[in-house]
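Chemist: The following block contains a protein sequence and its predicted model.
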Amino acid sequence: MPPALVGVAVAARVGGERERGLFLGEFRAGVEVVGPAARGVGEAQTACRGGPATLEARLPYLCAEQRREVLRTTGLPCGYVLLDGFEPWGRLDLFAAADGYGAFGSGVGVTLDAAAGGFSAADAWRDDIGGRGGPAP
């Protein structure tokens, strides 16, 4: 993973609510919502190819499929012209993704490794996690 992406993912985690608010404020400043979101219709977030690698340093204990689900459940809403492309890199919200899942669509199992140190040893998800969940796999 490029060092810049590692830096963004780690900075997103250590950044607080103030920084996230600034990010979202800058992101939304003067941008008109068009398309499905403007009509009140949501469009499911899809994970872009290579997207899970952006969270590898921040969520090392999750597999690529789990990191893809984190990106999908924490993505920015659709309807912003500059963000809605055929590969939705613009809809990634690394601030929210660094804080874990946005929703549990099914059971989630995680194994931490104290010997590995860092986020592999101990972590806390700060997102308001929704979804139906289920038993851990």
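Modeler: Cool, got the structure. Because the structure is predicted, anything quoted here is derived from the model rather than measured.
Chemist: Going by C-alpha atoms from here, please, whenever you check contacts or count neighbours.
Modeler: Noted.
Chemist: And the contacts of the helix or strand hosting residue 69?
Modeler: Assigned by DSSP states H and E, residue 69 falls within helix 64-74. With C-alpha atoms under 8 Å, 6 or more residues apart in numbering as the test, helix 64-74 has contacts from 45-47, 51-53, 55-56, 59, 92-94, 96-97, 100-103.
Chemist: for residue 127, what are its contacts?
Modeler: Taking C-alpha under 8 Å, 6+ apart as the test, what residue 127 contacts is 96, 99-102.
Chemist: From these, keep the buried residues only.
Modeler: Among these, those scoring as buried are 96, 99-102 (criterion: 16 or more other C-alpha atoms under 10 Å).
Chemist: What's the local residue count around residue 121?
Modeler: When neighbours are counted by other C-alpha atoms under 10 Å, residue 121 registers 14.
Chemist: For the residue lying closest to it once chain neighbours are set aside, the count of nearby residues, please.
Modeler: Distances taken as C-alpha to C-alpha, 6 or more residues apart in numbering place residue 114 nearest to residue 121, at 4.0 Å, with adjacent residues excluded. Residues within reach of residue 114, counting by other C-alpha under 10 Å, total 11.
Chemist: Pretty sure residue 114 sits against residue 61.
Modeler: No - using C-alpha atoms under 8 Å, residue 114 makes no contact with residue 61, being 10.9 Å away.
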